[in-house]
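> Sequence below, structure please.
(chains A and B)
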Number of protein chains: 2
Amino acid sequence: MRHPYLMTPGPSPLAPQIREALGRDIIHHRTEEFRNILAEINEGLKYVFRTNEPVLTFASSGTGAMQAAVSNFLSSKDKALVVVGGKFGERWREICETFSVEVVSLDIEWGSPPSLEKISDILKKDSQVRAIYTTLCETSTATVYNIKEIAQLTKDKEILLVVDAISGLGQDVLETQAWGVDIVVAGSQKGFMLPPGLAFISLNKKAEEFLKQSDLPDYYFNVREALKSYQKNDTPFTPAVSLIRGLAEAIKIIKEEGIENRWEYFKKLSSATREALKSLGLKLFSKSPSSSVTAVSVEGLDTQEIVKRMRTKYGISIAGGQAHLKGKIIRIAHMGYINEQDMVMCLFCLEKVLNELGYKLEKGISLKTFQEVFYS
Amino acid sequence: MRHPYLMTPGPSPLAPQIREALGRDIIHHRTEEFRNILAEINEGLKYVFRTNEPVLTFASSGTGAMQAAVSNFLSSKDKALVVVGGKFGERWREICETFSVEVVSLDIEWGSPPSLEKISDILKKDSQVRAIYTTLCETSTATVYNIKEIAQLTKDKEILLVVDAISGLGQDVLETQAWGVDIVVAGSQKGFMLPPGLAFISLNKKAEEFLKQSDLPDYYFNVREALKSYQKNDTPFTPAVSLIRGLAEAIKIIKEEGIENRWEYFKKLSSATREALKSLGLKLFSKSPSSSVTAVSVEGLDTQEIVKRMRTKYGISIAGGQAHLKGKIIRIAHMGYINEQDMVMCLFCLEKVLNELGYKLEKGISLKTFQEVFYS
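As a prediction, the model looks like this:
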């Protein structure tokens, strides 16, 4: 009688119409039929990314598009400011270092957004910094960064702002074009309700200027070639046909609901989740909580044990902490195809697990709080 | 009443049990359940690749693994001998050039395998050549290369033999370990009967030695990291979960039938196809025809028109020629999930199309020939 429930910050569960699309027989990718699908998803991605500029699709996981965002826009020995406040900031740093980009690391407290003053100071002191690499939702700490404000610092300068929105896109507000974010990277397995295997990268005119000057080597993630193919609703290499047909369904769902309505929805869902967890006496980890995922610490308990029990006894997958946060926090996602019914079911079992582990709580308090906040 | 039939040299149609697997709900990739699946496919890939050495899986199309086979094993200014006798040989050259590898190009006639004497000469004259990049089945010309013999030239030397088996694996005989092929690259959408989106790379001990010395930059396709994760049945980045579950089904099919039986089967299927096409007066394009795909030229007709009519009137997708062979040849695949019933249906419609275009033929001759050869 145990159903599996996926409430980890990626992958997110698949919508039924997406599962149906994934199971369809394959079609050839160099046909009018498939070019029409590419045309449809290319338009749809602009809608989701909130931009009129191109959004390219690669057959890879999100990290592939992160690599593309470095290897196509900078040159060896270029300087980049990297905001490191979690596992995915660290990934930016590693990618830059792999490509001999000189990293100016802004190491911030895990769970906090970066200080605008510090970013501004670095840019003033070091005129060599050509790009900022940062994150919309730092998944490892459930923290949303102040992208709109950071963009104010780069908008009218020859500095590229590159944002990893892999886990945040679709839940956390991101106005790519209006804010002036030059490059946004995303993946398929979070807000898009798809399996992993597609990565996306948007780029504006400023980014296209950087593209012309870059001399780093990359063949599979060559944005110049991908852009040429994109203009003809084509791809340089064989695309992940099934996932792209699933994406067309995902975009239909997002368009039908409206991206702004979805932002509102996840704002409410995450807010109700946070209040519910707080009512259990758990402590919010992030000082700037994301609408995509919530992290809390649990006084006196190893959170790995909570994660394990949730999965083995109740079929619910939530996430623990990564790196030095292992055993210290639990992370519950509210992204993609996860809704309030899933959340109340999750809280119901979390109370049970906490109780089993000897944690003192008032039974039903998180359900009551969730109900009150969500339907307020 | 028109069914779509896919008979192009990739993608190949999907087996029903694979389609079912692709449409399953998603599971999390950092779980015992998924590690067990990875363990299963890792063993299965060794069986298909005919090696006891590791075969790594990337979320990308085949070209991603081709890049990995350059960026992880050579260094800038290293010399590589690249066999160029078609579109995929050209791709090896482009990738090497992207990574500043010095290319010694062996340009051969399209449709012929490389001359062993010429390869041997180059290796003798130029002791700086560290690797040979070549192809099992050059899809663009339907030609199988003499890999076994080439391996004799590199086996006991400090020269890496890298083979793109993207379209050939599963049909054309390839004894990776017994022949001493150091690196084999493949993709999911041909012999594996899967959608595109997975790429594979096998590497032996000699390749691991090269791996230690390489200094080229690549983060997403980092074989060192992938190898470390592989040992723990894990992946460095989020894997393409649905495709990997489909792969587990594909491997079951291949194991059940037996890889050697499949080689025999496709040998017979391709042989019957070639004789059938020849009985129509069409001319085989390749001097060393592959078991994966057959190419023929058609005297006096633009083959693009044949391809178009096959698709629009009869729902059958076959391929035309690429680059300077555009309009000059048609290519019909016999790989993956394509069987003799598909082939006879394809020949039936091809005769009709040729007839419509004014080509003189004896009605039914190709069907009769196919029957005779296939059931001989």
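> quick one: average pLDDT of stretch A:293-308?
Summarised as a single mean, pLDDT over stretch A:293-308 is 96.
> List the neighbours of that stretch that are in contact with it.
Applying CB atoms under 8 Å, 6 or more residues apart in numbering or on different chains, the contact partners of stretch A:293-308 are A:9, A:111, A:137, A:139, A:141-142, A:167, A:270, A:273-274, A:277-278, A:281-286, A:289, A:318-321, A:326-335, A:350, A:353-354, A:357, A:359. C-beta here means a position set from N, CA and C on the backbone, and glycine is covered the same way.
> per-residue pLDDT, whichever residue of the stretch 251-376 of chain A sits closest to chain B?
Nearest residue of the stretch 251-376 of chain A to chain B, counting by CB to the nearest CB: A:Ser317, 4.9 Å away. You'll see A:Ser317 listed with a pLDDT of 96.
> if we can go back for a sec, give me the subset of the contacts of stretch A:293-308 lying in helices.
A:270, A:273-274, A:277-278, A:350, A:353-354 (DSSP state H).
> Up against chain B, what does the stretch 101-250 of chain A have?
A:187, A:189, A:195-197, A:216-222, A:237-243 (CB under 8 Å from any CB of the partner chain).
> Okay, and A:Thr294 sits in which element?
Assigned by DSSP states H and E, A:Thr294 belongs to strand A:293-297.
> Given that strand, what are its sheet partners and their directions?
strand A:283-284 (antiparallel), strand A:329-333 (antiparallel) (DSSP bridges).
> Pull the residues that contact the shortest one.
Contacts with strand A:283-284, where a contact means CB under 8 Å, 6+ apart, come from A:274, A:277-278, A:294-299.
> Which residue ranges of the stretch 51-200 of chain A form strands?
A:55-59, A:79-84, A:102-107, A:129-135, A:137-138, A:143-144, A:160-164, A:183-187, A:198-203 (DSSP state E, counting those that start in this stretch).
> Can I get the buried part of the contacts of strand A:283-284 as one ChimeraX selection?
This is the ChimeraX syntax for the buried subset of these, where burial follows 16 or more other CB atoms under 10 Å in any protein chain shown:
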select /A:274,277,294,295,296,297,298
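> Break chain A into its domains for me.
The domain map for chain A lists A:5-11+A:259-374, A:16-257, with the assignment taken from automatic domain parsing.
> Name the stretch among these that sits most buried.
Across those, averaging neighbours per residue (mean count of other CB atoms under 10 Å in any protein chain shown) puts domain A:16-257 on top, at a mean of 21.
> got the angle for the host helix or strand of A:Thr312 vs strand A:293-297?
Using DSSP H and E, A:Thr312 falls within helix A:303-314. Comparing the axes of helix A:303-314 and strand A:293-297 via axes from the mean of the first three to the mean of the last three CA atoms, to 10 degrees yields an angle of 120 degrees.
> Run the chain-centre distance for helix A:303-314.
24 Å (CA atoms, centre = their mean, to the nearest Å).
> Would you mind putting the CA coordinates of it into PDB?
C-alpha atoms of helix A:303-314 as PDB (Å, rounded to 0.1, in the frame of the first residue of the first chain):
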ATOM      1  CA  THR A 303      18.500  14.400  10.000                       C
ATOM      2  CA  GLN A 304      19.900  11.500   7.900                       C
ATOM      3  CA  GLU A 305      17.800   9.200  10.100                       C
ATOM      4  CA  ILE A 306      14.700  11.300   9.400                       C
ATOM      5  CA  VAL A 307      15.300  11.100   5.600                       C
ATOM      6  CA  LYS A 308      15.900   7.400   5.800                       C
ATOM      7  CA  ARG A 309      12.700   6.700   7.800                       C
ATOM      8  CA  MET A 310      10.600   8.900   5.600                       C
ATOM      9  CA  ARG A 311      11.700   6.900   2.600                       C
ATOM     10  CA  THR A 312      11.800   3.400   3.900                       C
ATOM     11  CA  LYS A 313       8.600   3.500   6.100                       C
ATOM     12  CA  TYR A 314       6.400   5.900   4.200                       C
END
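> re earlier: now, the residues of the stretch 101-250 of chain A next to chain B that are in strands?
Counting by DSSP state E, those place A:Gly187 in strands.
> quick one on the thing from earlier: now the strands of the stretch 51-200 of chain A as CSV including mean pLDDT and distance to B:Ala21?
Below are these laid out as CSV (pLDDT from 0 to 100; distance: least, CB to CB, whole Å):
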stretch, mean pLDDT, distance to B:Ala21
strand A:55-59, 98, 19
strand A:79-84, 98, 39
strand A:102-107, 98, 41
strand A:129-135, 98, 33
strand A:137-138, 98, 31
strand A:143-144, 98, 36
strand A:160-164, 98, 30
strand A:183-187, 98, 21
strand A:198-203, 98, 18
